[in-house]
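Chemist: the following comprises the amino acid sequence and a computationally predicted model.
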Amino acid sequence: MSDYDAIIIGAGLGGLSTGSIIAKNGMKVLVLEQSDIIGGCCSTFENQGYKFDVGASIVELIRPLEILFEKMGKDIKDYVDLIPCDPIYSFITPEGKRFKIPTDIDATNEVVKAMAPEDYENWLKFEEFGMWLLHYGLDAMICADMSTFSSALKVVAKYPKVYKMLPTLAMNHEMAVKKAFSNKDLLSSVSFQSFFAGAPPFLGSGVFGMIALSEHLGIYYPRGGMKGIPDGIMKAGQESGMEVRTNTKVERILLEGRDAKGVVLDDGTEITSDIVVSNVNGKVTYLKMIGPDALPKWAFKGVTSYMNSMPCPMLYVGLDTKPNLNAHHTIVTGSVEFMNEVWTKYYTQGLIPENAMSLICWPTEADPSLAPEGHHVLNWICNAPAPYSPLGDNWDRIKDWYKEQGLKELEKYVLPDARDHVTLIDVSTPLDFERRLLHPEGGIYGLFSDLTSLAMFRMSNKSRAIKDLYLSGASTHFGGGVPTSVASGITTADIIMKDHG
Ligand SMILES: Cc1cc2nc3c(=O)[nH]c(=O)nc-3n(C[C@H](O)[C@H](O)[C@H](O)COP(=O)(O)OP(=O)(O)OC[C@H]3O[C@@H](n4cnc5c(N)ncnc54)[C@H](O)[C@@H]3O)c2cc1C
């Protein structure tokens with residue numbers, strides 16, 4: 001008899017979501033987390049009285065979270081206090097033009113009319129199709145098992161109109177937006193979201209073009225920091241008996257032949273279970289925790305063909321004054337062509353450009369309690385994406401240079417006298433992300449997501465190579481993101497309950 005029905009490796013959003021649902025369905029569940037805090041990329045830590053978010057800075061598309069709590073017979077409002085953020089973002093062009101994009105779509109139409117009058121009619125068509133796609137297409141697919149052709153066909157049979165999405169799926173993000181618009185500011189404002197899924201516009205799926213619209217369904221910040229989301233899920237799971245152990249690192253998955261039977265911790269302790277769910281990077285799961293020798297040849301070949309997601313350094317800044325910002329998120333970026341060049345001429349060549357994309361997050365606007373009175377917090381993705389191994393150098397050595405780049409941007413876009421007001425500046429480099437979360441190469445979204453690595457082309461929620469092994473989180477379909485990782489956790493739980501319920 002096993003110690004547990006299910007062991008979950010990793011207390012990220014995917015792991016906690018799967019664990020809490022199957023615990024609610026009567027399984028004896030143990031979640032093992034190597035770090036001292038839960039939540040993985042969606043978490044919050046304290047430094048000198050300021051609360052900084054590790055990575056994720058916002059949640060949009062809250063439907064998967066609502067579904068998760070519904071599946072546990074609970075109301076999300078009793079577990080996570082989500083504060084709506086409006087406007088959804090402010091946008092600074094290379095020429096210094098600033099646009100504020102409100103949540104209300106009619107008000108956004110007016111912004112677009114002023115920004116790009118020649119594209120206004122096209123925008124209205126884009127918006128109409130995109131909103132339909134978000135309501136119909138995503139509802140059909142977000143929590144659905146799409147990991148095999150037959151499971152994907154079942155979704156199409158249930159929601160036949162999803163065929164209308166096919167042209168968008170067959171295009172890359174750049175093609176999808178350029179087919180719709182010609183104005184360069186408008187193009188830029190609907191293209192940078194490709195990086196939210198981990199790829200430049202010429203590699204990202206055309207579906208990522210819809211992220212610009214999905215934010216109009218509302219973006220939210222959890223009171224107390226992003227950790228409020230995993231904390232709420234864990235609390236609900238614990239009410240069904242789910243156990244969570246932090247500071248507990250899994251070294252490998254116990255096997256009997258090709259059947260998962262539990263885990264071995266880094267101190268050699270063995271804990272047995274009927275099933276194992278891995279919430280860690282899919283390549284690490286198969287190549288390190290299972291090991292190449294235990295994999296069939298086809299599986300080894302398949303797993304090694306995946307690339308890790310891009311890394312992204314983060315700056316954490318404490319200020320003793322209010323920043324000159326007007327939105328929770330401020331994006332600084334260039335043309336679609338420039339965003340592609342950042343990838344082809346810099347990122348893939350091991351170089352960091354001085355003016356790539358920056359995302360400045362100002363969480364104390366939504367929740368002042370994150371900083372001492374009168375102070376503010378900025379979490380800042382500066383010049384992204386940036387390579388894991390900057391050419392000829394190492395992130396530990398260029399950390400101070402990177403902080404200086406951040407300070408220069410701060411002076412340029414947020415506070416001309418920033419140096420007099422910064423009380424703390426810290427950085428999490430790709431190496432730090434690798435050490436903190438054990439994400440190989442500091443990748444922020446598990447595996448790389450381009451238009452060829454979604455649905456059945458991404459790692460499957462139910463392992464085809466190892467019996468009783470399941471995966472959840474960013475390495476599976478739809479890839480990285482708060483809503484998508486929760487959705488993946490739900491899908492995995494549904495598959496487990498079908499197999500073992
Ligand atoms: C810088 C950054 C910014 C982001 N911004 C946003 C955003 O604004 N909005 C958004 O929607 N998404 C954002 N994301 C993405 C989103 O946060 C992630 O995709 C999502 O949280 C990943 O969830 P996951 O379930 O894959 O688990 P992860 O967050 O990857 O967690 C996996 C957990 O497993 C643990 N673990 C690893 N190895 C072991 C082991 N051997 N034993 C035990 N435990 C182990 C790790 O410590 C970690 O806690 C961002 C991510 C980053 C890094």
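Modeler: Structure received.

Chemist: residues of the stretch 51-200 of the chain that sit close to the ligand?
Modeler: 55, 56, 57, 58, 59 (C-beta under 6 Å from any ligand atom). In this view, the C-beta of every residue, glycine as well, is placed from N, C-alpha and C.

Chemist: what's the closest non-adjacent residue to the second one?
Modeler: What sits nearest to residue 56 in space, not counting adjacent residues and going by C-beta to C-beta, 6 or more residues apart in numbering, is residue 42, at 4.4 Å.

Chemist: interface residues of the stretch 251-400 of the chain facing the ligand?
Modeler: Close to the ligand, as judged by C-beta under 6 Å from any ligand atom, the stretch 251-400 of the chain has residues 279, 280, 312, 314.

Chemist: out of the residues of the stretch 51-200 of the chain next to the ligand, which sit inside strands?
Modeler: residue 59 (DSSP state E).

Chemist: need the strands for the stretch 351-500 of the chain, in chain order.
Modeler: 357-361, 376-384, 422-428, 469-471 (DSSP state E, counting those that start in this stretch).

Chemist: got those strands as TSV, with mean neighbour count and mean pLDDT columns?
Modeler: Output for the strands of the stretch 351-500 of the chain, formatted as TSV (neighbours: other C-beta atoms under 10 Å; pLDDT from 0 to 100):
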stretch	mean neighbour count	mean pLDDT
strand 357-361	23	92
strand 376-384	24	91
strand 422-428	18	96
strand 469-471	26	98
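
Chemist: turn those strands into TSV, including distance to residue 10.
Modeler: Output for the strands of the stretch 351-500 of the chain, formatted as TSV (distance: least, C-beta to C-beta, whole Å):
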stretch	distance to residue 10
strand 357-361	24
strand 376-384	22
strand 422-428	18
strand 469-471	10
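
Chemist: other SSEs contacting the helix or strand bottoming out on mean pLDDT in the chain?
Modeler: The helix or strand of the chain with the poorest confidence is helix 139-141; it has a mean of 74 (mean pLDDT, DSSP states H and E). Secondary-structure packing of helix 139-141 (3 or more C-beta pairs under 8 Å, 6 or more residues apart in numbering; DSSP states H and E): helix 149-158.

Chemist: after the helix it packs on, next one along is what?
Modeler: Toward the C-terminus, helix 149-158 is succeeded by helix 166-170 as the next helix or strand (DSSP states H and E).

Chemist: and the next element down the chain from that following helix?
Modeler: helix 173-180.

Chemist: for the helix of greatest length in the chain, what is the distance to the chain centroid?
Modeler: What stands out as the longest helix in the chain, according to DSSP state H, is helix 482-500. From the chain centre to the centre of helix 482-500 is a distance of 16 Å (C-alpha atoms, centre = their mean, to the nearest Å).

Chemist: so does it get close to the ligand?
Modeler: Yes - under the criterion of C-beta under 6 Å from any ligand atom, helix 482-500 makes contact with the ligand via 482, 485.

Chemist: and the host helix or strand of residue 64, what does it pack against?
Modeler: Residue 64 belongs to helix 63-71 when elements are defined using DSSP H and E. Helix 63-71 sits against helix 13-24, helix 228-238, helix 482-500, with contacts defined as 3+ C-beta pairs under 8 Å, 6+ apart.

Chemist: now the residue of the stretch 301-450 of the chain at minimum distance from the ligand, nearest residue through space, not along the chain?
Modeler: The stretch 301-450 of the chain approaches the ligand most closely through residue 444 (3.4 Å), counting by C-beta to the nearest ligand atom. Once flanking residues are discounted, residue 444 sits nearest to residue 312: 4.9 Å by C-beta to C-beta, 6+ apart.

Chemist: which residues touch that neighbour?
Modeler: 55, 381, 384, 385, 386, 430, 442, 444 (C-beta atoms under 8 Å, 6 or more residues apart in numbering).

Chemist: same check on residue 48?
Modeler: 318, 423, 424.

Chemist: strands of the stretch 201-350 of the chain, residue ranges please.
Modeler: 219-222, 243-245, 250-256, 259-265, 270-278, 314-319, 329-332.

Chemist: this completes my enquiry, with thanks.
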